[in-house]
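Peer 1: for reference, the sequence and a predicted model appear below.
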Amino acid sequence: MGKFSRLGNDLYNGHKSIDFVGKIWLWYAISGAIIVAAVLGLSLKGLNLGIDFEGGTQYSVLVANSQATQANADKLRTVVADTGIKEASAPEVTTSGQNKILVTVEEMPADTSLKVQKAIAGAMGISESDVNPNQVGASWGKQVANKALTGLIVFLILVMLFIWAYFREWKMSIGAVIAVIHDIVISAGVYALSGFQVSPATVTGFLTILGFSLYDTVVVFDKVRENTNPKNMQQTRRTYSQLANLAINQTLVRSVNTAIVALLPVVAILMVTIFYLGAGDLQDLALALSVGMAAGTYSSIFIATPLVAQLKSREKAVSEQDRRARARQRRDADKYANVPVFTDDMGMDRSALEGTPDELKGIEVDFDDEGADEPSRPAAPPRRPEATGSGRVVPEAKAPLRDSGSAGRQQPTRQPRSKRRK
């Protein structure tokens, strides 16, 4: 932990730095590859929409303990498909915990649903009361999807307005919204590729990760604003991109710690639901949160702030400030780079000879007839001797020096500190 703390201090003080902004095209390429994979998964495989969105009938089958196995699930899939009912020709059967199996088919009339219920009860050797049907209309599922899409659009608009009003910078609004969309696309792609079912709990998880991603991005933006305030920009020797990169490094440890602390319980819930509890709303929520939190932390560090720095670098005021900062960096790198070297053929301006006539007496400067501004090398004026180390002129002696009366006496010597008070 000591090394990690020192690393955090070095990143905050700028003694060590990770170049996030300078490698922006590398992060774009990585994000682009992930987004392409997510879009391909959505277009080719598609989302596995649950019964709440597509409508249908779901049978909750209660069995004895340890009977909710994959073998019994395959058995029920075959039995339901063999009923000859068109709506039940392709059932989806999953286990839920140790004593429940879920059978999902398309929406069907009540009398047809009763036949499927009897077939399930007979195959498992249980009573019909242990098979609970739940019918959901397709129109209700469409309403849920439309409301979720409406909520997402309203959220993005409010995010743009909030960041614009808080930071007084529309480019930060663009960066935050693009980061949020980046997280949504990746999360949806993971759902499509993994085959997990999309339920209302999934929508709740998506809306939750939007807030988490936005919170992480705003923290980094606030540090960028602090580093790039006008007063600091006038005195700094760093460009806008370098100050933005410093802000990312200063908040890096906080971002990583927050992500780890938030992901640990969510991943634990996801593992428990996958291996013990089975499919359910808790599993859908945990998966959406875990994927979205990881994507939100990544986008706030590698996408949002580097994108804002790239957009700001095109502003005239920022580009001029960057030019001055680079000039200061060059001067600091070599302080003697701008000192001119005197040569014999170097011209000399008459105005350079400043001083009273008495002060200039003895200085011989010959100006050529052809060019008055190109004199010959001047002779240095006579100088009186100076006292070594004092900077003052040595006064003229009034009499020859001789030994004083104390020359033969014993002179005091410096005693050690331990004997001075004795």
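Peer 2: Perfect, I can see it now.
Peer 1: tell me how far residue 78 lies from residue 99.
Peer 2: 21 Å (C-beta to C-beta, to the nearest Å). Every residue, glycine included, has its C-beta placed from N, CA and C.
Peer 1: neighbour-wise, which of these two wins?
Peer 2: residue 99 (14 against 11; other C-beta atoms under 10 Å).
Peer 1: spatially nearest residue to residue 171 (excluding sequence neighbours)?
Peer 2: residue 311 (4.4 Å; C-beta to C-beta, 6 or more residues apart in numbering).
Peer 1: please tell me I have it right and the one you found contacts residue 174.
Peer 2: Yes: Residue 311 is in contact with residue 174 according to C-beta atoms under 8 Å; the separation is 6.9 Å.
Peer 1: could I get the phi/psi values of the residue nearest the centre of the chain?
Peer 2: The centroid of the chain falls nearest to residue 301 when counting by C-alpha atoms, centre = their mean (1.2 Å). As for residue 301, its main-chain torsions (degrees, to the nearest 10) stand at phi -90, psi -50.
Peer 1: quick one: contacts for it?
Peer 2: The contact partners of residue 301, by C-beta atoms under 8 Å, 6 or more residues apart in numbering, come to 20, 220, 248, 252, 255.
Peer 1: then residue 104?
Peer 2: 51, 56-59, 91-93.
Peer 1: surely it is in a helix?
Peer 2: No: per DSSP: H, G, I helix; E, B strand; the rest coil, residue 104 lies outside any helix segment and is strand.
Peer 1: that one and residue 59, how far apart?
Peer 2: 8 Å.
Peer 1: one more: residue 176?
Peer 2: For residue 176, the distance to residue 59 - C-beta to C-beta - is 45 Å.
Peer 1: next: residue 293.
Peer 2: When residue 293 is compared with residue 59 (using C-beta to C-beta), they lie 34 Å apart.
Peer 1: which parts of the protein belong to which domain?
Peer 2: 32-47+140-327, 56-136 (automatic domain parsing).
Peer 1: more neighbours: which of residue 176 and residue 59?
Peer 2: Ranked by neighbour count (other C-beta under 10 Å), residue 176 and residue 59 place residue 176 first, with 30 against 23.
Peer 1: strands of the stretch 101-250 of the chain, start to end?
Peer 2: 131-136, 197-198 (DSSP state E, counting those that start in this stretch).
Peer 1: just to revisit the earlier point, same list, the domains of the chain, but as JSON lines with distance to residue 413 and mean pLDDT please.
Peer 2: As requested, those are arranged in JSON lines below (distance: least, C-beta to C-beta, whole Å; pLDDT from 0 to 100):
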{"stretch": "domain 32-47+140-327", "distance to residue 413": "52", "mean pLDDT": "82"}
{"stretch": "domain 56-136", "distance to residue 413": "94", "mean pLDDT": "79"}
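Peer 1: just those domains: most buried one?
Peer 2: Of those, the one with the most neighbours on average (mean count of other C-beta atoms under 10 Å) is domain 32-47+140-327, at a mean of 18.
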